[in-house]
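using only what follows, build the 3D model:
(chains A and B)
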There are 2 protein chains.
Amino acid sequence: MKSVGIIVEYNPFHNGHAYHLQQAKKKTNADIVIAVMSGYFLQRGEPALASKWTRAEMALAGGADLVVELPYAFATQKAEVFANGAVSLLKALHTDAICFGSEEGDIDAFHELLSFHQANEELLDAEINQEMKKGLSYPKAASNAFQKIKHKGLLDLSLPNNILGFHYVKAIKEQQAPIEALTVRRTKSGYHDQTPASPTIASATSIRNEINSKRSIQTIQQFVPDSSLLLLKKEFDTFGKLISWEDLFPFLKYRLLTSTPGELQTIYEIEEGIENRFMQYIKEAESFKGFIQKVKTKRFTWTRLQRMCTHMLTNAKKEEMQKALTSKKATYIRLLAMSKKGQYYLSKKKKNIGLPIISKYSKQYSTLLRLDDVAASVYAMAYDQSKREKLIKSEYSTPPMKEAGI
Amino acid sequence: MKSVGIIVEYNPFHNGHAYHLQQAKKKTNADIVIAVMSGYFLQRGEPALASKWTRAEMALAGGADLVVELPYAFATQKAEVFANGAVSLLKALHTDAICFGSEEGDIDAFHELLSFHQANEELLDAEINQEMKKGLSYPKAASNAFQKIKHKGLLDLSLPNNILGFHYVKAIKEQQAPIEALTVRRTKSGYHDQTPASPTIASATSIRNEINSKRSIQTIQQFVPDSSLLLLKKEFDTFGKLISWEDLFPFLKYRLLTSTPGELQTIYEIEEGIENRFMQYIKEAESFKGFIQKVKTKRFTWTRLQRMCTHMLTNAKKEEMQKALTSKKATYIRLLAMSKKGQYYLSKKKKNIGLPIISKYSKQYSTLLRLDDVAASVYAMAYDQSKREKLIKSEYSTPPMKEAGI
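Model (predicted):
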């Protein structure tokens, strides 16, 4: 039974994702697709627009056989940490291949860059430090450093999916995982595109913008499978909205209003005195967007600030995050959804899966799992008071979503 | 110019308060009335139903000449600390007398008890400790201890206004304040009475219950002066509601969901493992009232738990509160409202007032004032997002409320 792993956020699951999933299966001739999906908070430091259960159900409907959660401590991180967590889960699940979307589309370019990187590591690090001293952000500094020392047309790391891909390939090598890496060229729409690029394909960002500006789910019909449309409508009907940072902004505001600079300094990724800028602008801020616009500087990118805000919101401490990330690997598998084939695959591999599959909260995994638990509770605060407890309760009472008939 | 001090919460200002204020003036033959009023959080660990500006305006309309704020660190405390803060402000303002309402109504009984208390301090403390070891709360234990050792009909300290009065008299003596103490017997309605006791007099508690149950301000017309009715209506029209714990419960919930037991242990008054009970019941709690009902035990009274919740809400740390309370005295005077006579009094006494009168935030007074600042910001979170910034901004931009014509 051959399996292919994909690493996703599905915020929400759209036609581009469906295409990638089918391509991954086809390219690897896999029987089952294992999706590692972020939980309530995403890589760019944002809350997901819908609960992880709804998004896992979309994935199942879209062709995934197993959906497992990427823990908070990995999901809200820069590419390297994010990739290590995801690859560790796929390795534990005995995935034969990983297939990722990239702007590049040619896997050799990733291997080449990895060799080049390993051969020139010290030189590169020195260059990146040089660039950062000029006040540039890390991604920009890394991109400049590469441009400066590369001798031939290496992979363009300034593109978000190329960076992720590079770190998947690097993590596979470092973890000595027997996983083949493959890539599919991403369809027309860029990761961050604000507006739809074709009649049926649009980025998740532009889909969310459509929903928010039109205040309707129906408006995205052409860009998502029917199953996604139905599930998003159900989510909307149950909770009265889809979630964005604005729904959680009151709690971030409250956190900042009641914290001292010293307390904020203990939060993961808070550094270089940025806590003072956060505190300076919070009192007058009427929206999350307006707040970040005020705090933003050349050095601190929007994504970096959003991630900091996510960690302040969940009270994720430097000490706790570092402890959770010591091994760079996940220590449990949280199963969110499975198809009949996925269930069969698990029953076959059960004995050899190196990590416990958990559905209940257990102090045993506390370093990593406590952060997931807090993240779920904090996310629930985005809903109206009457809906919160329902979501909080569901966190450890919801069994994995199953394909009809299991 | 003779002045009399009163110590109040005015939550809201009602006919009983108006009676007390006039009696205080009459009994002392005072020219001006100085009210020391709690800010946003009150002695029983509750948020005030309206902003301090609105409540100060009610006091002004009701006959007060100066309204000054009792800082958070004193206002949210048991009687002894509360009384010390209030007396220190009245001493700094050269108040000639303090007139408090009590169930007793005879000032000699307070002096007698104080003498008895001082003569039997060790014996009393030992008895109180004995009683508390049985699992009783402090007020109950103190009352039992007094009952046990007293030889004659001493003041009944189990009544809330008698306890407060006793501590006013004690604080005057300890601070060597040249202030005469007087008391007025409270009118029919008890402090905590849930339902109105006469056609025109009702406790603040029952007035709040009336407003909440009938969802109307008009319903309390008979129990409050016209000025209070108008001001409460204005507050209601501006903010869409009057504030109760339920409006702040989402933030308390968020605080508890994102805290570790270790963090909660650093909060003022959190002790004896009560943090574990708070954490145990918070996930499922749908209302503040329901939450406290679950957490409550014989040992932890409702008021004590509410105060703990207030301190968790404002993130008031043991360390900071103890620092703020070191001297047991206020270090500044925050003027909230003044009449023409009040303004004249201040201008006459100005040179001799021992504390700075402040209207802007200053780091100089940070230990005590930072807590007031945080309390005001946290209180503002009870309002809808569109109203919050308005209230936060008003905290240090509102000049003292003035009588028309100043």
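
tell me which helix or strand comes right after the helix or strand of chain A with the lowest mean pLDDT.
When the helices and strands of chain A are scored by mean pLDDT, DSSP states H and E, helix A:138-149 comes last with a mean of 78. Downstream of helix A:138-149, the next assigned helix or strand under DSSP states H and E is helix A:160-174.

now that following helix, how far from the chain's geometric center?
Centroid separation between helix A:160-174 and its chain, computed with Cα atoms, centre = their mean, to the nearest Å, is 14 Å.

pull the residues that contact the helix or strand that comes right after that helix.
Per DSSP H and E, the first helix or strand lying C-terminal to helix A:160-174 is strand A:180-185. For strand A:180-185, the surrounding residues in contact (Cβ atoms under 8 Å, 6 or more residues apart in numbering or on different chains) are A:20, A:23-24, A:27-28, A:96-107, A:110, A:165, A:168-169, A:172. C-betas here are computed from N, CA, C, even on glycine.

and chain A, which of its residues are near chain B?
Contact residues (Cβ under 8 Å from any Cβ of the partner chain) of chain A with chain B: A:249-251, A:253-255, A:257-259, A:283-286, A:313-315, A:374, A:377-378, A:381, A:385-386, A:388-389, A:392-393.

change it to 6 Å
Residues of chain A that fall close to chain B, judged by Cβ under 6 Å from any Cβ of the partner chain: A:Phe251, A:Tyr254, A:Leu257, A:Thr258, A:Lys283, A:Glu286, A:Asn315, A:Val374, A:Ser377, A:Met381, A:Glu389, A:Ile392.

can you get me a residue count around the fifth one?
When counting by other Cβ atoms under 10 Å in any protein chain shown, one arrives at 18 neighbours for A:Lys283.

need the per-residue pLDDT for the residue of the stretch 1-150 of chain A at minimum distance from chain B.
When scored by Cβ to the nearest Cβ, the stretch 1-150 of chain A has A:Tyr72 as its residue closest to chain B, at 12.4 Å. You'll see A:Tyr72 listed with a pLDDT of 98.

go on, the one 4 residues further on?
The confidence metric pLDDT takes the value 98 at A:Thr76.

neighbours around A:Tyr379, how many?
Neighbours around A:Tyr379, by other Cβ under 10 Å: 25.

for it, what are its contacts?
Taking Cβ atoms under 6 Å, 6 or more residues apart in numbering or on different chains, we find A:Tyr379 in contact with A:Tyr40, A:Pro47.

try 10 Å
When contacts are counted by Cβ atoms under 10 Å, 6 or more residues apart in numbering or on different chains, A:Tyr379 touches A:39-41, A:47-48, A:51-52, A:243, A:247-248, A:313-314, A:388, A:391-392, A:395.

all strands for the stretch 1-150 of chain A, in order.
For the stretch 1-150 of chain A, applying DSSP state E, counting those that start in this stretch gives strands covering A:3-8, A:32-38, A:66-70, A:97-102.

turn those strands into JSON lines, columns for mean neighbour count.
Listed next are the strands of the stretch 1-150 of chain A as JSON lines, based on neighbours: other Cβ atoms under 10 Å in any protein chain shown:
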{"stretch": "strand A:3-8", "mean neighbour count": "26"}
{"stretch": "strand A:32-38", "mean neighbour count": "26"}
{"stretch": "strand A:66-70", "mean neighbour count": "27"}
{"stretch": "strand A:97-102", "mean neighbour count": "25"}
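
for A:Lys349, which of those is the nearest?
Smallest distance to A:Lys349 across the strands of the stretch 1-150 of chain A (Cβ to Cβ): 8.9 Å, for strand A:3-8.

pLDDT of the closest one, averaged?
Mean predicted confidence for strand A:3-8 is 98.

just stretch A:247-256 next, same as before
Averaging pLDDT along stretch A:247-256 gives 98.

tell me the contacts of the residue in the stretch 101-250 of chain A that chain B sits nearest to?
Closest approach of the stretch 101-250 of chain A to chain B (Cβ to the nearest Cβ) occurs at A:Pro250, with a separation of 6.5 Å. Residues near A:Pro250 by Cβ under 10 Å, 6+ apart: A:Phe288, A:Met381, A:Ala382, B:Pro250, B:Phe251, B:Tyr254, B:Met381, B:Asp384, B:Gln385, B:Arg388.

ok, now how distant is it from A:Ala382?
Here the criterion is Cβ to Cβ, to the nearest Å. By it, A:Pro250 lies 9 Å from A:Ala382.

tell me which stretches of the stretch 151-300 of chain A form helices.
A:160-174, A:204-214, A:226-239, A:245-257, A:261-265, A:274-282, A:288-295 (DSSP state H, counting those that start in this stretch).

could the ones you listed go into a markdown table alongside distance to B:Leu230?
As requested, these are exported to a markdown table (distance: least, Cβ to Cβ, whole Å):
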| stretch | distance to B:Leu230 |
| --- | --- |
| helix A:160-174 | 59 |
| helix A:204-214 | 41 |
| helix A:226-239 | 40 |
| helix A:245-257 | 31 |
| helix A:261-265 | 42 |
| helix A:274-282 | 34 |
| helix A:288-295 | 35 |
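
rank the ones you listed by pLDDT, which is bottom?
That would be helix A:204-214, which, of all the helices of the stretch 151-300 of chain A, carries the lowest mean pLDDT at a mean of 89.

what residue ranges in the stretch 51-200 of chain A score low on pLDDT?
Applying pLDDT under 70 to the stretch 51-200 of chain A picks out residues A:150-153, A:187-197.
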